[in-house]
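J.: Show me how the following folds:
(chains A and B)
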Number of protein chains: 2
Amino acid sequence: MPSSAPASRQNAPDAAATTAGEFALIQRHFSRPCGHTALAGGDDAALLHPRPGMELAVSADMLVAGTHFFPDADPHDLGWKTLAVNVSDLAAMGADPRWALLSLALPAADDAWIAAFADGFYACAERFGVDLAGGDTTRGPLTLSVTILGEVPRGQALTRAGANAGDDIWVSGQPGLAALGLEMLRGTFAPTADGERCLAALHRPQPRVALGQALRGLASAALDISDGLLGDLGHILVQSRCGATLHEDALPLAALYATGASPALARRCLLAGGDDYELLFCAPPAARAAITALGPALALPLTRIGTLSDAPGTVALRSADGTLTALAARGYDHFG
Amino acid sequence: MPSSAPASRQNAPDAAATTAGEFALIQRHFSRPCGHTALAGGDDAALLHPRPGMELAVSADMLVAGTHFFPDADPHDLGWKTLAVNVSDLAAMGADPRWALLSLALPAADDAWIAAFADGFYACAERFGVDLAGGDTTRGPLTLSVTILGEVPRGQALTRAGANAGDDIWVSGQPGLAALGLEMLRGTFAPTADGERCLAALHRPQPRVALGQALRGLASAALDISDGLLGDLGHILVQSRCGATLHEDALPLAALYATGASPALARRCLLAGGDDYELLFCAPPAARAAITALGPALALPLTRIGTLSDAPGTVALRSADGTLTALAARGYDHFG
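T.: The predicted structure is shown next:
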């Protein structure tokens, strides 16, 4: 660990010792036993033993107070979400999440806050079988940085680059709810029903790990929806060199309407709302029956919302009467 | 990647798109080709193929402006050091550094600053054979978060827990120079010679990767000196349940005196100065000849500075006339 604190450390070793002790105490909230880590914490590095035949999937995300979450966010929810958004990245690869490293910058050593944050983080870790194998704690503006490591059988990872024209476009669960939850927090939307469901989608996203693993060998491309359905679809279109036609009457809007959202708000949240962490994936039509069977097996709605076209980078919306409207793949602001 | 920007994103998609574009541009500075990464960047996760027979060594460090470095630090040096302190953690395990993930929070998209930072980071990555396999870029107070992954033959990692009473205590290179460099920056020390050497030690630490690997099978315990020699020695003493006797006349003080540092300053910087990133290691006396031969082979001074005792947690300084003075293992402030 580096510690060249320029401001005070060398001139005031006693004060530095207090700070170090304070943060060592904090770090004890993150010392729960590991299940499958050869050596965790307390040394220069953790030691991990990947299983034979696996390749490693590794992803990092940094969350900053005021940019990614409200500074007064509930620390338990924030702990869950900090790990969940990383787990979701591995779900989108079809990988099995195994280890995480958490680096925290904290403005002060607030024991109650960190205890609640740790509880939320570990709740997600236990749910998905992730060992917290290492990390760092330091003083600074509230910043949460996670690296997650998982395993996927070699050659079977789901990337964004494998889809082809003619493939179906699918989405899991109910995208748009998290964006409605955010509108509620801002006071710009008051639901007539299902308000708690919207807030839960925002605060405690459920990474689709089982779905991602079940899609290995079925899906041709996949990613998780973090920036909005249309924007994330654009990543697949670029990397798979395809276009897309979305079927308006197939879009899962009913649950959004049921909250009392206007048609315009519901469509905006569905197509451009961030923070859903549902999976968007493509698969050849031959896989339809197998994918349809996954929904009940996983107790998770899977909706076929469109088809990939051979017009790279273009997105069209096909209405019920067959009318095609061009959409920009990136950004809801161009959606009429 | 998560992106639930609470302040503006959902209400102002155009502004958000600009910001995202800005940071996507920034991230292009970190897209140099990888040498040994199956899939790097641009997907939900990177894919890595560890080599058979290896275990993974993984470590994370977070550096915060104002806490770990001066906000006006030279960005090229800062880029080097951000990776180097992580490489040093793997060196201390005897591991071969292979991959890194870099998460950056930046207050603004300053293209020149980030270009220089990236150059420094890649200079270190190329020097030590590290692929930058992934990461994240976001807006926030300047924070640098790295996770490094490396490989070590299974069962051969150097930990802090394997040392025994009777083992020799060794240190590499010249600890104390970096602390003198920091005193120079603060204006509290004006060297009569070797000032550039002190600043180089502070700004461009050289991780001892080749030494760490050569010590596999020789050293009984090892770590890198980041918090100061005495404090870091304390970690080995705790985890190996030993004490230590340091030999005053063996301490490598001559090079510190040569800068014009007073005896008190030189001793303080040697024993408690942070940021050295030299290796402190223990080995049985039977390994002395082999370790001594490593110095010339690696063009790196290796100094035997003491012996582990069977009095757990105690540190004594033995002067030339045989007098023993008790020291606290943790913290120079108790050093007379």
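J.: Next, count neighbours for residue A:131.
T.: Neighbourhood size, residue A:131 [other Cβ atoms under 10 Å in any protein chain shown]: 20. No exception for glycine: its C-beta is placed from N, CA and C like everyone else's.
J.: OK, contacts around it?
T.: A:34-37, A:40, A:98-100, A:125 (Cβ atoms under 8 Å, 6 or more residues apart in numbering or on different chains).
J.: Need phi/psi at it.
T.: Phi and psi for residue A:131, reported as degrees, to the nearest 10, are phi -90, psi 130.
J.: excluding its backbone neighbours, what's nearest residue A:71?
T.: residue A:65 (4.5 Å; Cβ to Cβ, 6 or more residues apart in numbering or on different chains).
J.: ok, back up a step: which one of the contacts of residue A:131 is nearest to residue B:270?
T.: Closest approach to residue B:270 among those (Cβ to Cβ): residue A:40, at 32.1 Å.
J.: I'd guessed the closest one sits against residue A:46; true?
T.: Yes. Using Cβ atoms under 8 Å, residue A:40 is in contact with residue A:46, at 5.1 Å.
J.: what is in contact with these two at once?
T.: Joint contacts of residue A:40 and residue A:46 (Cβ under 8 Å, 6+ apart) are A:133-134.
J.: which parts of stretch A:38-49 are buried?
T.: By 16 or more other Cβ atoms under 10 Å in any protein chain shown, the buried positions in stretch A:38-49 come out as A:38-40, A:43-48.
J.: and the residue of the stretch 101-250 of chain A nearest chain B?
T.: residue A:140 (3.4 Å; Cβ to the nearest Cβ).
J.: There's contact between that residue and residue B:145 in this structure, I believe.
T.: No. Counting by Cβ under 8 Å, residue A:140 does not reach residue B:145; the two are 10.5 Å apart.
J.: In terms of neighbours, single out the busier of those two.
T.: Using other Cβ under 10 Å as the criterion, residue A:140 and residue B:145 rank with residue B:145 on top: 32 against 21.
J.: Who are the contact partners of the residue nearest to that one when sequence neighbours are not counted?
T.: Excluding its sequence neighbours, the residue lying closest to residue B:145 (Cβ to Cβ, 6+ apart) is residue A:145, at 3.8 Å. Residue A:145 makes contact with A:60-63, A:102-104, B:60, B:62, B:103, B:136, B:143, B:145 under the criterion Cβ under 8 Å, 6+ apart.
J.: By neighbours, which of those wins?
T.: Top of the contacts of residue A:145 by neighbour count (other Cβ under 10 Å): residue B:145, with 32 neighbours.
J.: can you tell me the helix or strand for residue A:255?
T.: Using DSSP states H and E, residue A:255 sits within helix A:254-257.
J.: can you check residue A:144 too?
T.: Assessed by DSSP H and E, residue A:144 sits inside strand A:143-153.
J.: what about the residue in the stretch 151-300 of chain A positioned nearest to chain B, how many residues close to it?
T.: For the stretch 151-300 of chain A, the residue closest to chain B is residue A:275, as judged by Cβ to the nearest Cβ, at 4.3 Å. Here the number of neighbours of residue A:275 (other Cβ under 10 Å) works out to 27.
J.: Next, it: secondary structure please.
T.: Here residue A:275 takes the coil state, with states given by DSSP: H, G, I helix; E, B strand; the rest coil.
J.: Walk me through the domains of chain A.
T.: For chain A, the structural domains run A:21-153, A:168-327, going by automatic domain parsing.
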